[in-house]
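Student: A predicted structure for the sequence below; I have some questions about it.
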Amino acid sequence: MENGREVNINTFAEYLRSQEKSRNTVEKYIRDVRHFFRFLGENEIDREFVLRYKEELQKEYKPSSVNSMLVALNVYLKFIGKPELKVQVCRIQREIFRSEEKELTKEEYHKLVETAQKQGRERLCHILQTIGSTGIRVSELKYITVESLECKMARISCKGKIRVILLPLSLVRCLKVYCRKRKMRTGSIFVTRKGRPIDRRNIWREMKNLCQIAGVQASKVFPHNLRHLFARCYYEKERDLVRLADFLGHSSIETTRRYTMISSMEACLKQLELGLLLGRKKKKRHNTDYVALKLPISI
């Protein structure tokens, strides 16, 4: 049964690629389906086991992780011709603020960039600034080429979509200096010694290694958080959610709204102070404590 399932998984992977799913999506779906098979053991797939699997996931993972694993499983169930076994994802209450423990601040970002520069890690320094200045995904870095600097834009083909990313003039000047130092005249700017586009895992590892030296909490430092930082900084400056969605390549404004979520409960609480509470008023004749305001009683 194990060999048969492995063959089926390989076929499933080919199907996902034919649907133009990104490499990362294919890898995640396959990993999630294999996780389901470990739970299933030697048993056949039926409704009872799928529901039990969902219950076990809810005990072990956060709702967002549970949902992403169930989405992968549902796609697989449809692929093998058993759509009736698909399960509902968990309903998650919309968050109004993000934990400060997760969000990278602008000050922390500056620390990372400055530390990378002081350490002589020029490539990482410029990668941080490129993602931070454009909000691109780490997988889209390969589209930032020497040629793109001349037209101040990069044409990106990702996740079955083609979009144009504008490159800020300050970033263009910075990257041109970087390219001149390395005598780069064509192709992707961020490459390995062998000239291949740098892998996202290597970028992730380099960023994590920078944390301790920079004095920034490691849990905040990963490529996608730079994308969140770009979104928050842009929205704070322009207050234009629709244009921001275009820059980020989002087809849904709701996705963009999550990126611009306030990163502090305290900030949310301050926003709720609207001056509409009449409960306390200070007496003028006596320098005493506040007293309750007596409101007229309607009959």
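Tutor: Perfect, I can see it now.

Student: what about stretch 216-231, average pLDDT?
Tutor: For stretch 216-231, mean pLDDT rounds to 94.

Student: now do stretch 234-253
Tutor: Mean pLDDT, stretch 234-253: 88.

Student: got the end-to-end distance for that stretch?
Tutor: Start-to-end span of stretch 234-253 (Cα to Cα, to the nearest Å) is 15 Å.

Student: Buried residues in that stretch, which are they?
Tutor: Tyr234, Tyr235, Leu241, Leu244, Ala245, Phe247, Leu248, Gly249, His250 (16 or more other Cβ atoms under 10 Å). (C-beta placed from N, C-alpha, C; glycine too.)

Student: next one: stretch 61-74
Tutor: So, applying 16+ other Cβ under 10 Å, buried residues of stretch 61-74: Val66, Asn67, Met69, Leu70, Ala72, Leu73, Asn74.

Student: ditto for stretch 206-218
Tutor: Neighbour-count burial for stretch 206-218, counted by 16+ other Cβ under 10 Å, picks out Glu206, Met207, Leu210, Cys211, Ala214, Val216.

Student: contacting residues around the one residue sitting closest to the centre of the chain?
Tutor: Nearest to the geometric centre of the chain sits His224, at 4.3 Å (Cα atoms, centre = their mean). Shown in contact with His224 (Cβ atoms under 8 Å, 6 or more residues apart in numbering): Arg137, Val138.

Student: Work out for me the element it sits within.
Tutor: Assessed by DSSP states H and E, His224 sits inside helix 223-238.

Student: So what's the residue count around Val177?
Tutor: Close neighbours of Val177, defined as other Cβ atoms under 10 Å, add up to 10.

Student: Just the ones in strands from the buried residues of stretch 206-218, please.
Tutor: The members of the buried residues of stretch 206-218 all map outside strands under DSSP state E.

Student: would TSV of those with distance to Glu27 be doable?
Tutor: Formatted as TSV, the buried residues of stretch 206-218 follow (distance: Cβ to Cβ, whole Å):
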residue	distance to Glu27
Glu206	21
Met207	20
Leu210	25
Cys211	25
Ala214	30
Val216	28
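
Student: I'd like to check what contacts stretch 197-211. Which residues are they?
Tutor: Stretch 197-211 has contacts (Cβ under 8 Å, 6+ apart) with 24, 112, 115-116, 119, 121, 123-124, 127-128, 138-139, 141-142, 188, 190-192, 216-218, 221-223.

Student: which among those residues end up buried?
Tutor: When the contacts of stretch 197-211 are checked for burial by 16+ other Cβ under 10 Å, the buried set is 112, 115-116, 121, 123-124, 127-128, 138-139, 141-142, 188, 190-191, 216, 221-223.

Student: can you give me the strands for the stretch 51-200 of the chain?
Tutor: Assigned by DSSP state E, counting those that start in this stretch, the stretch 51-200 of the chain shows strands spanning 153-158, 161-166.

Student: which one of those lies closest to Lys183?
Tutor: When these are compared by Cβ to Cβ, strand 153-158 sits nearest Lys183, at 21.1 Å.

Student: Output the contacting helices and strands for the closest one.
Tutor: Strand 153-158 is packed against strand 161-166, with contacts defined by 3 or more Cβ pairs under 8 Å, 6 or more residues apart in numbering; DSSP states H and E.

Student: what distance separates the strand it packs on from the centre of its chain?
Tutor: 18 Å (Cα atoms, centre = their mean, to the nearest Å).

Student: List the buried residues for that strand?
Tutor: For strand 161-166, a neighbour-count test (16+ other Cβ under 10 Å) marks Arg163, Ile165 as buried.

Student: Paired strands for it, with orientation please.
Tutor: Using DSSP bridges, the strands paired with strand 161-166 are strand 153-158 (antiparallel).
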